[in-house]
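Participant: Turn this into a structure:
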Amino acid sequence: MDDDPRWRDPGSLLRHALSWKLALEADGRAPRTVHGYLAAVELFDRWQRAHDRPTQLTEIERDDIREWLVEMRTRC
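Facilitator: Predicted coordinates:
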């Protein structure tokens, strides 16, 4: 995370995920839970990039997430 510039891009989904990580840790969530949540966010970010879709939080739409979830379910 620390050496990947995607996590430092202001306004990006991944940058906001770092704030969420801090909130989860402050709430006492287990480290494996936090890691799992962030891994899912990173998978979504990669999927967005692979499909030439936005990764800025304010530009991501519900249908982006829905399409990603459908694709993830069909892979299992």
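Participant: From residue 16, how far out is residue 7?
Facilitator: Distance check for residue 7 against residue 16: by C-beta to C-beta, to the nearest Å, it reads 10 Å. C-beta coordinates here come from the backbone N, C-alpha and C atoms, glycine included.
Participant: before we move on, what about residue 35?
Facilitator: Taken as C-beta to C-beta, the span from residue 35 to residue 16 is 17 Å.
Participant: again with residue 31
Facilitator: Using C-beta to C-beta, we find residue 31 at a distance of 20 Å from residue 16.
Participant: Looking at those two, which has the bigger crowd around it?
Facilitator: Taking neighbours as other C-beta atoms under 10 Å, residue 31 and residue 16 compare with residue 16 leading, 15 against 9.
Participant: Is the more buried one in contact with residue 55, as I believe?
Facilitator: No: because the distance of 10.5 Å does not satisfy C-beta atoms under 8 Å, residue 16 is recorded as not touching residue 55.
Participant: avg pLDDT for the top helix by length along the chain?
Facilitator: In terms of residue count, the longest helix belonging to the chain (DSSP state H) is helix 31-50. Computed over helix 31-50, the mean pLDDT rounds to 97.
Participant: For that helix, buried residues please.
Facilitator: Buried residues in helix 31-50, counted by 16 or more other C-beta atoms under 10 Å: 34, 38, 41-42, 44-45, 47-48.
Participant: for stretch 12-21, same thing?
Facilitator: By neighbour count on 16+ other C-beta under 10 Å, the buried set for stretch 12-21 is 12-15, 17, 21.
Participant: Many thanks, I have nothing further to ask.
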